[in-house]
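Sequence and predicted structure below; questions after.
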Amino acid sequence: MSKRVLCKFFAHGACLKGEHCEFSHDWKAPPNNICTFYQKGLCAYGSRCRYDHVKVARLQSSSPSSSADISFPVECLSGIAGYGPGIASGVTAEHSASSGPLCHPIRPAWGEKTGRHDLLDDDDNDGYFSTVDPADRPICSFAAAGDCPRGENCPHIHGDPCPTCGKQCLHPFRPQEREEHMRTCERRKKQLEALRHSQDIECSVCLERVLSKPTTAERKFGILSECDHPFCISCIRNWRGSSPTSGLDVNSALRACPICRKLSYFVIPSVIWYFSKEEKQDIVDSYKEKLRSIDCKHFDFGNGSCPFGTSCFYKSVIIFTSVLNLCYSKFSLGHGGGVVEKFDLKIMFSGQLLTFNSCKIRKPRAVGLDNVDWGFKNHAYRDGRLEEVVIRHLGAEDGNTVIAKDIRLSDFLSNLQIR
Amino acid sequence: MQASRARLFKEYKEVQREKVADPDIQLVCDDSNIFKWTALIKGPSETPFEGGVFQLAFSVPEQYPLQPPQVRFLTKIFHPNVHFKTGEICLDILKNAWSPAWTLQSVCRAIIALMAHPEPDSPLNCDSGNLLRAGDVRGYQSMARMYTRLAAMPKKG
């Protein structure tokens, strides 16, 4: 690219290319500080991005002198640039030969400004930014990181201090970004605090601090669903999994909390300990959520049977083989309650006849039966094939349609109120 | 194996630290084998065992703490739940009601509690159990006190 632009690796003290680097290793060269992601429309770091969030197009319109400025508008912004005449001529002349128009014809204004090592003066700055919407102006990344060496004279906006992290990183004109930052900051702080408190918690089986165990796999809590006694995940799983042949009773000893003997049916792994009921609930919920996306290996898509039945946490997808019989009646509820669809459903499934009498859709929808949305339309098969699911009522010509479809049993049951 | 060793080592340190805290229990680890422990416990007051010092032998399995330690009395004791000859103890927490949250120290405490509250309905020492079940508390107490004097007290002069 251009030797005029400060090499960012050099700026961090570690450029591997040394003298052969195509970027400048001269501290006086202006850094290219534009966030490329922001240019493309979205930078995930938002106001915390260490690069400048400036819109090049806008800048270009205010400084239309040359194409070079499009790529490096920051040099006008972060005026520290102020080339000494010697360097400017040395570097640019050398380069203008090789990379042509890209770097040489800098704005004539630079010529006048060369030799000025001080910061951009204010009126220049204001004049420049007056064309830019304040919400588009980036906040100073130095200030956001903690300390801006330029202080009052900084050409960038200094953000408002965040109440949680105390850094000046809240953009005064981007309420959405502010809120997002405050939210993530708050969450991170909470998490760190919980992690700090969790450090001291000991497992009552191995008597060691759970988060100080030698391997990362062991540094996890095993939370019991019914009580609040902490254990390592490996200790409590070993205990619950130890064979009942050793004379220990499964329900009164193995599945009970080793301390309070309260019976818990499952253990939740977690990297942090909780300090309130809500936190525990969050951990439990996200764990269950994760399991719900994994197919139950016992159920095996309807080919096997899961010993945990309806309390299984894993995904159970059944493949309906045939709907034998489907009666349908429709009646309306008073007071604008909508229309309730009622079904008698007989399903042949794995050689078993399942009968659901007077099933109804919980959210009454006045739709034709052919479009009844059961909540399991278009479920993908394991091989990714999609299957349209339509249930037709008995009177229809193809009332005994063989319907092969994937239904999550829990989805199916939650959509039906079985009487 | 490694887990049980680590846990026993933790307990050892805990015992060293709390030595003074519980004067009724003195737990000592075998010098060469951390899976062998002995304990000296004082007979609880207001029982026929008062004044006696009883020695217990612990043999800790490799699966500890998932499995309970084996404990027996080395000192002869007349108690319905302790075998008179072998010293074997009938205590639920050492059998089917074991929990890995128990420690050797807490097992000692449980045994002291058992000495104070015998369970004559599941006797290992039938003579003792029968005395209690027949309601002969005095007979039981005098027998127990006699054996305490004979076996658990230092011989006088």
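Right, received. Where do you want to start? Numbering: from 1, shown residues only, chains lettered A, B, ... in the order given.

Okay, strands next: where are they in chain B?
Using DSSP state E, the strands of chain B run over residues B:25-29, B:36-42, B:53-59, B:70-73.

Show me which positions of the shortest one end up buried.
For strand B:70-73, the neighbour count (16 or more other Cβ atoms under 10 Å in any protein chain shown) marks B:71-73 as buried. Bear in mind the C-beta positions are built from the backbone N, C-alpha and C, glycine included.

you'd agree B:Trp37 is up against B:Cys29?
Yes: using Cβ atoms under 8 Å, B:Trp37 makes contact with B:Cys29 at a distance of 5.3 Å.

For the two, indicate the residue with more neighbours.
Taking other Cβ atoms under 10 Å in any protein chain shown, B:Trp37 and B:Cys29 do not tie; B:Trp37 has more neighbours (24 against 20).

And the pLDDT for residue 91?
Answering for chain A, as no chain was given. Note for A:Val91: predicted pLDDT of 41.

Let me rephrase: I mean chain B.
Predicted confidence (pLDDT) for B:Leu91: 90.

Give me the contacts around the longest helix along chain B.
Using DSSP state H, we find that the single longest helix of chain B is helix B:2-17. Contacts to helix B:2-17, defined as Cβ atoms under 8 Å, 6 or more residues apart in numbering or on different chains, come from residues A:205-208, B:27, B:29, B:34-35, B:60-65, B:103-105.

Report the beta-bridge partner residues of A:Phe221.
Note on A:Phe221: beta-bridge partners by DSSP bridges are A:Cys232, A:Ser270.

Count the neighbours of it for me.
Residues near A:Phe221, counting by other Cβ under 10 Å: 24.

Identify the residues contacting it.
Going by Cβ under 8 Å, 6+ apart, A:Phe221 touches A:198, A:201, A:210, A:230-233, A:269-273.

which bits of chain B sit near chain A?
Remark: the part of chain B in contact with chain A comprises B:3, B:6-7, B:10-11, B:14, B:63, B:65-67, B:95-101, B:103, using Cβ under 8 Å from any Cβ of the partner chain.

Please indicate which of these are buried?
Using 16+ other Cβ under 10 Å, the buried members of the residues of chain B next to chain A are B:3, B:7, B:11, B:65-67, B:97-101, B:103.

As TSV, these with pLDDT would be great.
Putting those into TSV (pLDDT from 0 to 100) gives the following:
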residue	pLDDT
B:Ala3	83
B:Arg7	89
B:Glu11	89
B:Pro65	87
B:Leu66	86
B:Gln67	87
B:Ala97	83
B:Trp98	87
B:Ser99	88
B:Pro100	88
B:Ala101	89
B:Thr103	90
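
What strand or helix carries the residue of the stretch 201-350 of chain A found nearest chain B?
Using Cβ to the nearest Cβ, the closest approach of the stretch 201-350 of chain A to chain B is made by A:Pro258 at 3.8 Å. For A:Pro258, there is no enclosing helix or strand under DSSP states H and E.

Next one: it, what pLDDT does it get?
Listed pLDDT for A:Pro258 reads 87.

which residues sit in contact with it?
Going by Cβ under 8 Å, 6+ apart, A:Pro258 touches A:204-205, A:229, A:231, A:236, A:239, B:99-101.

Give me the subset of the buried ones among the residues of chain B next to chain A lying in helices.
Those of these lying in helices (DSSP H): B:3, B:7, B:11.

Now do the nearest residue to B:Pro118 once chain neighbours are set aside: how many residues are near it, please.
Nearest residue to B:Pro118, sequence neighbours excluded (Cβ to Cβ, 6 or more residues apart in numbering or on different chains): B:Pro80, at 4.7 Å. When neighbours are counted by other Cβ under 10 Å, B:Pro80 registers 24.

Can you name the residues that contact B:Pro80?
Taking Cβ under 8 Å, 6+ apart, we find B:Pro80 in contact with B:118-120, B:123-125, B:128-129, B:132.

go again using 6 Å as the cut-off
By Cβ atoms under 6 Å, 6 or more residues apart in numbering or on different chains, the residues touching B:Pro80 are B:118, B:120, B:123, B:125, B:128-129, B:132.
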